[in-house]
Structure formats: structure tokens, C-alpha cells
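Asks: 3D, please:
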Amino acid sequence: NQKAARFAALFVPVISLITIIRFSMRLHSLTAAALVTTMLVAGCDDSNKTIGEPVLPNKNPFPSTYQVPASSALLIQGANLLTGTNQQLDNTDLVVENGLITAIGKDLQIPEGATVIDASGKWLTPGLIDVHSHMGVYPAPETSNHSDGNEMTSPVTAEVWAEHSVWPGDPQFEKALAGGVTTVQILPGSGNLIGGRGVTLKNVPSITVQGMKFPDAPYSLKMACGENPKRVYGSRNQLPSTRMGNMAGYRNAWIEATAYKKSWDDYVTGVEAGEDLDPPTRNLRLETLMGVLDGEIRIHNHCYKVDEMAQMVDMSKEFGYKIAAFHHAVEAYKAAPILAEENICAVMWADWWGFKQEAFDMVRENIALVDYANACAIIHSDDPIQVQRLNQETAKAMSAGRRMGLDISRAKAIGWATLNPAISLGLDKQIGSLEIGKNADLVLWTADPLSVYSHAEKVWIDGALQFDREDSSVQPTRDFNLGIVNAQESRP
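Replies: This is a model prediction of the structure:
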């Protein structure tokens, strides 16, 4: 017991002090005072505590082990670039060195030792980003023993982390890579009001999830509005069973988190002021919520209906946090002015609708209308098949907008699958566009990427070639796909 130890450490010097005082009567007063001071200083020493340095929880206990692979310099010549920043640069070169884009222009010099690719007539885009995926937590083949995406044991499970359920051997990852997807956000499911932390992964082969984690990417927190939580817990005759129960559940959680944050803030302030304090008892659930209140963890909120989006915005202001994105957002076209004003992204499908009541009021122009309002529009999959064809989903959304009379260029639309997703993840300084200094996450397409006849020919992540449709040696496959040649055969 730390307090008992401190008491003993102080009590023994006090007894010794009495003895010294008696002895000091026979000594010179200055000598006695020196002895007293020495004993008191020694007695007050506490080697287990450093005054002014609070003891804080490790915010990154499962760090990324991903390392940028060594690769030669790369020159891609004569491609049509869709930069992700609303620009199309035809017949343009791009240079990659040390995993970063270092030059963009025409007739660029070949770096020493560079691999040169003639991309005449082909198209180059940033790597596609899917901000709503359950790959790894609902892997293929689908079996109940691998269904690890929803911890539906309590309406609020902020303490769980999706990365602890991710199976890196999920064959779905490689299918997404072949479709040009270089970065994915893996989220818990939507059965709970607050479902847990999401994690951003680089779509690279690895035997551990740490080997896929995007270094220093902000964590996300999955929240869910509407039908799913109230259906799950209403069927158990517990709160929430209604939308008003949903709101009460969120607010109670944030009230607890606010008090927890205050306890840690008071502790840090006290220790830095020289007080001798024990840290608060850790609570994993409230620790994640505190991370949101501190602005370190980004809210990604499953929410279909405009009225619920507006209530979630008001609640975020009540407790002082920001919402990064509303996911699925079937009614985002109605909420577009709110989204633009609040700087909240809408993560949407091109044309999924009608599979439950809150998904009925959908229009195919949803993404285009959000973009037209100058809000952050994002295409997503939430599906292991659609993630393989995000370029085609983007094309469908662009075409719907054009049919209603909106002037949407390919250069604009590709940003819905590249730069805008990066913004929602807090990674737009590193990925999402073809700009000098950014990570060289690149996709070379056989033709216009917004054509159904186009395929991702080559995919680079941090300048390293990870997929090549023309070279079977650069078509990674998970161990699971290798299978057992003869299940009955004796194996060493």
C-alpha cells in the first residue's frame, strides 16, 4: 500500500528526529540543525514518484510495426493523372523516391536507378480509400466463429478495439487491393450505441494486424444512430428500445466520460503543481471516450436520417467534441447545408437503399448533391464485393449527378474515393492525392478509372509495388487461399 509506505517512511525519521533534538542540546546548535535537515530530507525521499511528472496511460499500447519497404526510384511516364485535388493532368510524368512523390510534370528526368513505366494512354490516381470496411472482423469465408465485429453485450462498448478482432489472413484484403484500394478503415459493427474503436490499415500482406496499421493514424470511435441499437437491445427488453432511449444512452455515456476526464485533468494539474497524488483508476471504456473529448479520437457515426444527424450534432456541441463523418447517410442530401457548416463528411453509397425503413428516403444523386453544397462527400463500400469496385461506384454517383444537370468532372469525382476519405481519417497530409511530398500510394489503370472496362493494372503503397495484374509474382494471396492439397494426406 503506497500510503502506508509513505507513512512509514515519514514516521521513522520523526522518531529519529526526537533523539537528535535531545542529543543536540549537548552540541553546537548549527551542527544539530544540519543533522536535523539531513534526516528530514532522507526521510521524505520517495524514489517511486517524480514530482511534476504525472503517470499517464499509454495511448498507443499496440503500436504499428509497419515499415516502408525498400524500393527503387520510380518514374511513371505519360499518364493521365487524376490528382484527387480536382485536377486532370494529361500526358504527365510522376516520380517516386523513398516512398514519396517527389516530382510531377512533363518530360521529367529519370532518377538514377529508377524503374521506368511507359503509361501512355493509361490513367494514374491516388490509391483508393475505403473508410467503412469490416474486412478482417467479418472475414471470408463467413463463419460464426470468425464473426468478431459486434460486441453486442452492452449498448456502450467503447472499451473494445476493432484491431483486436482483425484477422490479417482474410482473403478479402487482396481482392480489395486488386481493385486499387490501398487504405481501409476497419470499424466495429453498428449493433451498439457506441461500438468501439476503429483502426486504419494499409492494405499490405502481414501476419499481424500491427504490421498493417497505418503508423500514427488517429483512432476512430464507431457510434450508431437509429434502428440497429434499439432493435438489438429492445428485443432484450432493455434500454435502448426507442430513439429517445438511444439519445439517453449516448448522453449518459458522455456525462460519465466528462467526469472521468475531469478527474484526470485535476490529477495532471495537481501533480504539475507539486502535489503528491495517485492517478485515477483506469477505465478502458471511459478512456476511449475521454480521447474523443480531448480531440484525439475521431467520431465516425453510422446515421441514416437527417433528423438524427441534427440531434447528433447538437449532442456533440453539448459535450464539446467533433464528428468526423456520418456513415451510410442515406438522407445526407437533406442535411448537406448542416454538414457543410459543421465541416462533417458524409460517407455514402452510390445507390443502395430500401433494405430497412431508415434507408427508404434515398436518391441516387445523394453524393452529388452533398458535393454541390460544398460539403465533404465520400463513397464507401461496407461490403466485401463493393470494395473491389469503388471506382465503378464512384462513376455511378458521378453519372447520377450529371443526369440531373450538375457539372461533375472525373477530376472532381475521384476525390470522393481519395482525398475526402483521407480528410475524414485525419490523414490528408499524407495520402489521398497526387502531390509532391505525399506518400506514393498510386493506382495505374488500364483506361479511364470511371469506366466499367477499366482495371487496376498496378498498385503501389508507399512507392512499393504491391499488385501487378500482368505479373503473377506480384499478386499476393493469403495463406488461407493455399488450402490443403489433400486433406487426408499425412503431412510432416
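
Asks: avg pLDDT for stretch 342-354?
Replies: Average pLDDT, stretch 342-354: 97.

Asks: Pull the distance from that stretch to the chain's centre.
Replies: Offset of stretch 342-354 from its chain centre (C-alpha atoms, centre = their mean, to the nearest Å): 18 Å.

Asks: Over to stretch 354-367?
Replies: The answer for stretch 354-367 is 26 Å, by C-alpha atoms, centre = their mean.

Asks: In it, which residues are buried?
Replies: 358-359, 362-367 (16 or more other C-beta atoms under 10 Å). Bear in mind the C-beta positions are built from the backbone N, C-alpha and C, glycine included.

Asks: which residues of the protein fall in helices?
Replies: Using DSSP state H, the helices of the chain run over 2-24, 29-44, 172-178, 227-234, 243-272, 284-293, 306-319, 332-342, 366-372, 390-403, 410-413, 419-425, 479-482.

Asks: okay if I get these as a markdown table plus distance to residue 96?
Replies: Shown next, in a markdown table, are those (distance: least, C-beta to C-beta, whole Å):
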| stretch | distance to residue 96 |
| --- | --- |
| helix 2-24 | 54 |
| helix 29-44 | 60 |
| helix 172-178 | 18 |
| helix 227-234 | 43 |
| helix 243-272 | 43 |
| helix 284-293 | 34 |
| helix 306-319 | 39 |
| helix 332-342 | 35 |
| helix 366-372 | 30 |
| helix 390-403 | 21 |
| helix 410-413 | 21 |
| helix 419-425 | 18 |
| helix 479-482 | 30 |
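
Asks: For residue 106, find the nearest of the ones you listed.
Replies: helix 410-413 (17.6 Å; C-beta to C-beta).

Asks: could you give the mean pLDDT of the closest one?
Replies: 98.

Asks: Listing request: residues of this structure with sub-threshold pLDDT.
Replies: Applying pLDDT under 70 to the chain flags residues 1-51, 484-492.

Asks: now do 50
Replies: For the chain, the stretches flagged by pLDDT under 50 are 1-48.

Asks: picking up where we left off before, nearest to residue 87, of the helices of the chain?
Replies: Across those, closest to residue 87 is helix 410-413 (C-beta to C-beta), at 5.5 Å.

Asks: Next up, the contacts around residue 425.
Replies: 129, 131, 183, 185, 200, 217-218, 220, 298, 324 (C-beta atoms under 8 Å, 6 or more residues apart in numbering).

Asks: typo on my end, residue 295
Replies: 321-322.

Asks: and the gap between it and residue 254?
Replies: According to C-beta to C-beta, to the nearest Å, residue 295 and residue 254 sit 14 Å apart.

Asks: so what's residue 123 closest to, chain neighbours aside?
Replies: Among residues not flanking residue 123 along the chain, residue 445 sits closest, at 4.3 Å (C-beta to C-beta, 6 or more residues apart in numbering).

Asks: That neighbour: neighbouring residues, count only.
Replies: 23 (other C-beta atoms under 10 Å).

Asks: Identify the residues contacting it.
Replies: 122-125, 180, 391, 454-457.

Asks: Residue 164: which of the helices of the chain is closest?
Replies: Counting by C-beta to C-beta, residue 164 lies closest to helix 284-293 out of the helices of the chain; the figure is 11.6 Å.

Asks: closest to residue 480 among the buried residues of stretch 354-367?
Replies: Of those, the one sitting nearest to residue 480 (C-beta to C-beta) turns out to be residue 359, at 32.6 Å.

Asks: Dump the contacts of residue 425 into a markdown table; add neighbour count as well.
Replies: Shown next, in a markdown table, are the contacts of residue 425 (neighbours: other C-beta atoms under 10 Å):
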| residue | neighbour count |
| --- | --- |
| 129 | 31 |
| 131 | 30 |
| 183 | 28 |
| 185 | 28 |
| 200 | 27 |
| 217 | 21 |
| 218 | 16 |
| 220 | 28 |
| 298 | 23 |
| 324 | 23 |
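
Asks: From the residues you listed, which land in strands?
Replies: 129, 131, 183, 185, 200, 220, 298, 324 (DSSP state E).

Asks: Mind putting those residues into TSV with distance to residue 206?
Replies: As requested, these are arranged in TSV below (distance: C-beta to C-beta, whole Å):
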residue	distance to residue 206
129	18
131	20
183	14
185	17
200	14
220	20
298	24
324	26
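
Asks: Of the residues you listed, which is the nearest to residue 244?
Replies: Once C-beta to C-beta is applied, the member of the ones in strands among the contacts of residue 425 that ends up nearest residue 244 is residue 324, at 25.1 Å.
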